[in-house]
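>>> Quick check, what structure comes out for this input:
(one chain, ligands or ions: 1)
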Amino acid sequence: MTIQQENNQVKKNYINGKWVPSERYSTNINPSNLNEVIGYFSEANKQDALDAIMAAKDATAIWAGTGIQQRSDILDNIGNKILSRQVELGELLAREEGKTRAEAMGEVHRAGSIFKFFAGEVLRQSGEAIDSVRPGVSVTTTRSPVGVVGIITPWNFPIAIPAWKIAPALAYGNTVVFKPAELVPASAHALAEIIVEAGVPAGVFNLVMGEGKVVGDILVKHKDVKAITFTGSVNTGRAIAVEAVKNMKKIQLEMGGKNPAIVLDDADIDLAVETCVQSAFYSTGQRCTASSRIIVTAGIHDKFVKAMQERMSKITVGDALSESTDIGPVVDEKQLVQNLAYVEIGKAEGAELVCGGEKLTLAKTGFYMSPALFINTTNDMRINQEEIFGPIATIIKVKDYQQALAVANDSEFGLSAGICTTSLKYAKHFQENIQAGMTMVNLPTAGVDYHVPFGGTKGSSYGSREQGSYAKEFYTTVKTSYLSA
Ligand code: UN1
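A predicted model of the protein is given here:
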């Protein structure tokens with residue numbers, strides 16, 4: 001590109017109330033069609049990140065002092081603007097990330113709804129009055145904003161995850177420096193435009209697109225960033241935790257999953273197949289809530305495997321925007337290579353691949369692969385222990401519910417877990433004994449509501465819950481005030 005073209009086309013970062021260009025930019029490619037460029041996006045340097053942090057720090061007083069009516073109106077306005085642009089934003093998201101049009105539309109709707117939910121939460125902030133043990137003394141609790149929040153988001157939900165971090169951060173009076181994943185800057189930029197148009201004061205919200213090792217690193221290490229909320233890989237999450245604690249930052253980490261879906265002998269088989277196909281393969285398996293270990297009891301196992309294979313033969317992999325597509329491409333080449341490597345690992349471990357697992361060559365050049373199903377697997381195999389993050393599921397045959405539960409719990413992760421059963425007894429026992437932050441009975445492990453808490457146990461999550469009114473635990477600090485009058 002010429003300098004002139006760059007100035008016209010490159011989407012800029014938003015720092016301290018201004019759209020700021022940078023010397024470097026990244027090229028955003030459509031994974032469904034590698035010949036299509038979605039756009040060029042500024043890559044922030046170290047100074048841009050520092051400017052954004054400084055602006056956010058200076059704006060904390062302005063935002064905390066903005067009345068709750070105005071704050072609520074701004075968030076509601078953001079929500080309405082997202083909803084009114086659902087089709088356009090959904091198509092943009094599908095083009096840059098590769099999930100289907102329907103999935104992308106759903107995600108945009110979710111993002112709009114989240115802002116509207118938190119517009120309401122602004123008005124519901126309250127403290128407590130508690131009797132003191134000392135006569136004549138009163139005690140009240142109130143919540144204050146934490147300050148500057150660094151928001152680091154993954155590529156698999158390019159608008160919903162930013163929404164569920166930015167909306168509560170702003171609702172509870174914090175200022176924001178937002179670093180989206182390098183692979184999906186277009187949705188982040190569109191969201192930033194909406195936030196700016198809705199009238200958020202300068203410095204309160206800053207968009208800093210760029211590399212993790214530049215922007216993310218500064219956010220995590222800078223003493224003026226008081227909290228980091230992150231969704232992404234386990235390794236990055238662990239590294240963030242170690243650094244952030246040096247400055248006593250608050251951290252909220254949402255990381256991997258190896259979510260089990262149990263199918264018991266008494267399950268409605270059609271429902272079980274649909275539930276497993278949906279949560280293992282839709283969104284190309286690129287959800288931390290995807291079911292990747294399907295644990296099936298012996299009495300239904302053979303029938304279930306056959307039904308899964310039949311159902312999977314009807315899945316169409318293709319261009320994210322094509323109406324006939326059920327599953328879009330993998331997000332990029334690196335992920336595709338990794339997925340295919342896991343298929344080989346599974347075979348080498350002795351698992352039997354009964355369908356899919358191949359790179360597909362379609363009319364348009366993209367990162368396509370067929371959804372894969374392994375049978376005859378054991379829980380100790382790498383394909384059952386490591387998060388793959390692709391359209392690859394395994395079946396583990398067990399003798400009964402007790403063994404299914406033990407296998408399900410034998411994982412370093414504990415995000416979401418499902419069971420398909422018609423037995424109330426097993427469903428209840430499962431809800432109580434599965435080691436997971438979210439449990440699903442006769443429902444996919446992926447696809448959660450936007451107004452209730454989200455998060456896991458064990459290696460999946462660290463820190464307090466995201467979403468719903470529980471989000472306030474992370475985005476506020478409690479102050480306990482004693483008064484003797
Ligand atoms: C969902 O399943 O609806 O990164 C949401 C992820 C999760 C979000 C899943 N944090 O996949």
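>>> Show me what from the stretch 101-250 of the chain comes close to the ligand.
154, 156-157, 161, 231 (Cβ under 6 Å from any ligand atom). C-beta: built from backbone N, CA, C; applies to glycine.
>>> And the stretch 301-450 of the chain, by the same measure?
So the stretch 301-450 of the chain meets the ligand at 446-448 (Cβ under 6 Å from any ligand atom).
>>> re earlier: ok, and the most crowded of the residues of the stretch 101-250 of the chain next to the ligand?
Taking other Cβ atoms under 10 Å as the neighbour criterion, Ile161 ranks highest of these with 29 neighbours.
>>> Now do the SS call for that one.
Assigned with DSSP: H, G, I helix; E, B strand; the rest coil, Ile161 falls in the helix class.
>>> sorry, back to before: keep only those of the residues of the stretch 101-250 of the chain next to the ligand that are in helices.
Ile161 (DSSP state H).
>>> what about this protein, any weak spots by pLDDT?
1-8 (pLDDT under 70).
>>> ok, the most centrally placed residue in it to Phe118 distance?
Residue closest to the average C-alpha location in the chain (Cα atoms, centre = their mean): Ile161, at 4.8 Å. To Phe118, Ile161 is 14 Å away according to Cβ to Cβ, to the nearest Å.
>>> Likewise for Gly150?
Distance of Gly150 to Phe118, given as Cβ to Cβ: 18 Å.
>>> is it true that Asp48 touches Asn13?
Yes. Taking contacts as Cβ atoms under 8 Å, Asp48 lies within contact range of Asn13: 6.0 Å.
>>> Tell me, how many residues neighbour the nearest residue to Met369 once chain neighbours are set aside?
In space, and not counting its chain neighbours, Met369 is closest to Lys359: 5.4 Å by Cβ to Cβ, 6 or more residues apart in numbering. Neighbourhood size, Lys359 [other Cβ under 10 Å]: 14.
>>> what's the answer for Val133, then?
If you count neighbours by other Cβ under 10 Å, Val133 ends up with 7.
>>> Can I take it that Thr141 is in a helix?
No. Under three-state DSSP, Thr141 sits outside any helix and is assigned strand.
>>> mind listing what it touches?
Residues near Thr141 by Cβ atoms under 8 Å, 6 or more residues apart in numbering: 127-128, 130, 478-481.
>>> Have a look at the protein and report its longest helix.
Criterion DSSP H: the longest helix present in the chain is helix 101-123.
>>> so what does it touch, helix or strand wise?
helix 68-84, helix 86-97, helix 160-171 (3 or more Cβ pairs under 8 Å, 6 or more residues apart in numbering; DSSP states H and E).
>>> for the second one, the distance to its chain's centre please.
Between the centre of helix 86-97 and the centre of its chain there are 17 Å (Cα atoms, centre = their mean, to the nearest Å).
>>> Okay, buried residues for it please.
For helix 86-97, the neighbour count (16 or more other Cβ atoms under 10 Å) marks 86, 89-97 as buried.
>>> Could you export these as TSV, including distance to Glu349?
Shown next, in TSV, are these (distance: Cβ to Cβ, whole Å):
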residue	distance to Glu349
Gln86	43
Leu89	41
Gly90	39
Glu91	40
Leu92	40
Leu93	35
Ala94	34
Arg95	36
Glu96	34
Glu97	30
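>>> nearest to the ligand, of those residues?
Using Cβ to the nearest ligand atom, Glu97 comes nearest to the ligand of the buried residues of helix 86-97, at 11.8 Å.
>>> Surely that closest one and Asn30 touch.
No. Look at Glu97 against Asn30 with Cβ under 8 Å: they stay out of range, at 9.4 Å.
>>> ok so, going back, roughly how far does the residue nearest to the centre of the chain sit from Ala181?
9 Å.
>>> mind giving me the domain split of this structure?
Domain assignment for the chain by automatic domain parsing gives 10-255+460-484, 259-449.
>>> hang on, the earlier thing: out of the residues of the stretch 101-250 of the chain next to the ligand, which one sits closest to Gly199?
The closest of these to Gly199 turns out to be Ile161 (Cβ to Cβ; 23.5 Å).
>>> So in terms of bridging, what pairs with Val296?
For Val296, the beta-bridge assignment (DSSP bridges) gives partners Val263, Lys397.
>>> filter the buried residues of helix 86-97 down to the ones close to the ligand.
When contact is defined as Cβ under 6 Å from any ligand atom, the buried residues of helix 86-97 do not meet the ligand at all.
>>> Could you give the number of residues near Gly447?
Around Gly447 there are 18 residues (other Cβ under 10 Å).
>>> Do I have it right that Arg382 meets Ala348?
No. Assessed by Cβ under 8 Å, Arg382 is found out of contact with Ala348, at 9.3 Å.
>>> quick one: contacts for Tyr14?
Contacts of Tyr14 (Cβ under 8 Å, 6+ apart): 20, 192, 196, 205-207.
>>> can you redo those as JSON lines with neighbour count?
Below are those laid out as JSON lines (neighbours: other Cβ atoms under 10 Å):
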{"residue": "Val20", "neighbour count": "18"}
{"residue": "Ala192", "neighbour count": "26"}
{"residue": "Val196", "neighbour count": "17"}
{"residue": "Phe205", "neighbour count": "29"}
{"residue": "Asn206", "neighbour count": "31"}
{"residue": "Leu207", "neighbour count": "30"}
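>>> Sort out for me which of those are in strands.
20, 205-207 (DSSP state E).
>>> give me phi/psi at the closest residue to the ligand within the stretch 301-450 of the chain?
As assessed by Cβ to the nearest ligand atom, the ligand sits closest to Ala446 within the stretch 301-450 of the chain, at 3.7 Å. The phi/psi pair for Ala446 (degrees, to the nearest 10) reads phi -100, psi 160.
>>> Extract the CA atoms of the host helix or strand of Val478 and return them as PDB.
Assigned by DSSP states H and E, Val478 falls within strand 476-484. The C-alpha atoms that make up strand 476-484 are tabulated as PDB, following Å, rounded to 0.1, in the frame of the first residue of the first chain:
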ATOM      1  CA  THR A 476     -15.500  -3.100  42.300                       C
ATOM      2  CA  THR A 477     -13.700  -2.900  45.600                       C
ATOM      3  CA  VAL A 478     -15.800  -3.100  48.800                       C
ATOM      4  CA  LYS A 479     -15.300  -0.300  51.400                       C
ATOM      5  CA  THR A 480     -16.600  -0.900  54.900                       C
ATOM      6  CA  SER A 481     -17.300   2.400  56.700                       C
ATOM      7  CA  TYR A 482     -17.800   2.700  60.500                       C
ATOM      8  CA  LEU A 483     -19.500   5.800  62.000                       C
ATOM      9  CA  SER A 484     -20.000   6.800  65.600                       C
END
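>>> Contact partners for the residue nearest to the centre of the chain?
Taking Cβ under 8 Å, 6+ apart as the definition, contacts of Ile161 comprise 153-154, 231.
>>> Thanks a lot, catch you later.
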